[in-house]
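>>> quick one, fold the following:
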Amino acid sequence: MTRRKDGPSPVAHAGSGVRIGVLRLKKRPDFVAAAKGRRQHQKAFVLQARERESAPGETEGPRVGFTVTKKVGKAVVRNRIRRRLREVVRLAGAEPFTPGCDYVVAARREALAAPFDELRGELFRALKKIHRAGTLRPPVAPAGDRKQDL
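Here you go, the predicted structure:
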């Protein structure tokens, strides 16, 4: 079996009439930017999402990144969780995701033992709640930073 080299994913352009797939998020600045966006907490993971800055007229599909910290477990456990979450996103396809947005799935230990159908349900619920407000905007400032009414 041969592995595909890192490079552009085999996705079609928006104008060709073919569905655009989900791309991978791989660079740290993209993860940091997504962390500043909206969050939706679930039992098995936290979904973070943010619209990315793109050039006018540039149509690119959604990008998804995965993070599993060392607190979750050793390498074997982290890799297994990451593989399960990647498969959930792959099976979901690009339709529930918004084009031009970056998503980060931050795994929790519960993702290891959760039934696969439950993980899929949590992903769809999280996406629905994140997109419910319409646009993906950064979270509001903490209460300590706001002026208090006197």
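
>>> in which helix or strand does the most centrally placed residue in the chain reside?
A centroid search over the chain (Cα atoms, centre = their mean) returns Tyr103, at 2.5 Å, as the residue closest to the centre. Element membership for Tyr103 (DSSP states H and E) is strand 101-107.

>>> using CSV, write out every CA atom in that strand.
Extracted in CSV, the C-alpha atoms of strand 101-107 (Å, rounded to 0.1, in the frame of the first residue of the first chain):
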residue,chain,number,x,y,z
CYS,A,101,-14.3,28.1,8.1
ASP,A,102,-11.6,26.4,10.2
TYR,A,103,-12.6,23.8,12.8
VAL,A,104,-10.6,22.2,15.6
VAL,A,105,-11.7,19.1,17.4
ALA,A,106,-10.1,19.0,20.8
ALA,A,107,-10.6,15.4,22.1
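
>>> tell me which helix or strand comes right after it.
Once strand 101-107 ends, the next helix or strand along the chain (criterion: DSSP H and E) is helix 110-113.

>>> so for the strand holding Tyr103, mean pLDDT?
Per-residue pLDDT values over strand 101-107 give a mean of 94.

>>> pull up the pairing partners for the least confident helix or strand in the chain by mean pLDDT, direction included.
Ranked by mean pLDDT, DSSP states H and E, the weakest helix or strand in the chain is strand 23-24, scoring a mean of 89. Using DSSP bridges, the strands paired with strand 23-24 are strand 63-67 (parallel).

>>> contacting residues around the strand holding Tyr103?
25, 30-31, 33-35, 37, 44-52, 62-69, 72, 78, 81-82, 85, 89, 97, 123, 136 (Cβ atoms under 8 Å, 6 or more residues apart in numbering). Just so you know, the C-beta spots here come from the backbone N, C-alpha and C atoms, and that holds for glycine as well.

>>> rerun that using 6 Å as the cut-off
The contact list for strand 101-107 (Cβ atoms under 6 Å, 6 or more residues apart in numbering) reads 25, 30-31, 34, 45-52, 62-68, 81, 85, 136.

>>> before we move on, back to that, who does the residue nearest to the centre of the chain form a beta bridge with?
Ala49, Val64.

>>> next one: it from Lys74, what distance?
Taking Cβ to Cβ, to the nearest Å as the measure, Tyr103 falls 26 Å from Lys74.

>>> list the helices and strands the helix or strand hosting Asn79 packs on?
For Asn79, the host element (DSSP H and E) is helix 75-92. If you count contacts as 3 or more Cβ pairs under 6 Å, 6 or more residues apart in numbering; DSSP states H and E, helix 75-92 packs onto strand 63-67, strand 101-107, helix 116-132.
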